[in-house]
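Trainee: my questions are about this predicted structure, shown below with the sequence.
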Amino acid sequence: MGNEHKLSTVGPLAFLENPDAVELFAKIDYQLKDGFHFQDRGNQRPYFFFIEQNEQSLTAYYDKFFGVILSHGGEGMDRYYYLEFNGTDRGGIDGDHRCFMKAEYVIVGFLIYKIIYIDRYFDLNSIKKLQAIIKTDYEELTKDIYRLLAKLRKTNPTTFGGGKLDDVIEDALREFKKLGWVLIEEDFFDVMPSFQRMNKVYSDYINNVEQMIKDAI
């Protein structure tokens with residue numbers, strides 16, 4: 001009987017026995033399916049701890065009913081949870097939740113990762129300062145960025161100036177916010193532990209971002 005009880009506590013619906021399930025699970029489920037990443041930060045904390053406390057049961061739930069994997073990255077205070085999708089395959093999750101990030105936002109993500117984690121601008125938390133750094137400290141690279149973004153938007157590169165680049169950067173940050181990768185409040189932004197997924201998925205490109213941009217023009 002002891003073993004049977006132990007097994008039942010990690011079944012695919014065991015998490016519903018948690019007293020916080022009624023309040024928290026619907027939002028967790030909806031956002032995970034939309035690609036959101038939960039971590040021990042700000043107002044995400046109660047949702048993160050619910051997932052952490054019920055990780056085995058929730059893993060079984062998403063595997064059995066949707067054919068996707070509840071994954072985690074980071075360690076300790078930097079741990080985060082998300083659903084691992086296989087390319088364009090989202091298992092049994094409804095198509096309304098499908099969201100594919102625009103290539104121009106991925107490029108901005110490469111730049112942000114390089115600036116903060118490789119070039120060590122660890123204190124960078126202003127959107128306006130980020131925009132200025134990209135246009136001044138990376139001036140030679142910015143010329144290629146203009147041409148690449150113009151190509152992606154199918155517009156004339158001579159009309160793609162600093163203002164349009166600023167808009168793309170802001171739009172990308174808002175998209176990253178939807179994923180739980182950054183926090184934004186007016187001009188303030190902060191990268192979350194889950195932003196490391198950018199490096200996990202695209203490390204080869206990030207480490208050679210200058211050449212990648214030149215090759216894509």
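Mentor: Alright, I've got the coordinates.
Trainee: hmm, G35 and L179 touching each other?
Mentor: Yes: using C-beta atoms under 8 Å, L179 is in contact with G35, at 5.5 Å. For glycine as for every other residue, the C-beta is placed from the backbone atoms N, C-alpha and C.
Trainee: ranges for the strands of the chain?
Mentor: All strands of the chain, identified by DSSP state E, fall at 38-39, 69-73, 80-84, 182-185, 188-191.
Trainee: mean neighbour count, distance to M198 and mean pLDDT for these - can I get that in CSV?
Mentor: Output for these, formatted as CSV (neighbours: other C-beta atoms under 10 Å; distance: least, C-beta to C-beta, whole Å; pLDDT from 0 to 100):
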stretch, mean neighbour count, distance to M198, mean pLDDT
strand 38-39, 24, 14, 98
strand 69-73, 17, 11, 96
strand 80-84, 21, 13, 95
strand 182-185, 15, 11, 96
strand 188-191, 16, 9, 97
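Trainee: right, so of those strands, which gets closest to Y202?
Mentor: Comparison of the strands of the chain against Y202 by C-beta to C-beta identifies strand 69-73 as nearest, at 14.0 Å.
Trainee: partner strands of the closest one, parallel or antiparallel?
Mentor: Using DSSP bridges, strand 69-73 pairs in its sheet with strand 80-84 (antiparallel).
Trainee: only alpha carbons, please: show the partner strand as PDB.
Mentor: What follows is strand 80-84, C-alpha atoms only, in PDB (Å, rounded to 0.1, in the frame of the first residue of the first chain):
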ATOM      1  CA  TYR A  80      12.900  28.400 -14.500                       C
ATOM      2  CA  TYR A  81      10.200  26.200 -16.100                       C
ATOM      3  CA  TYR A  82       8.800  26.000 -19.600                       C
ATOM      4  CA  LEU A  83       7.300  23.600 -22.100                       C
ATOM      5  CA  GLU A  84       9.800  22.100 -24.500                       C
END
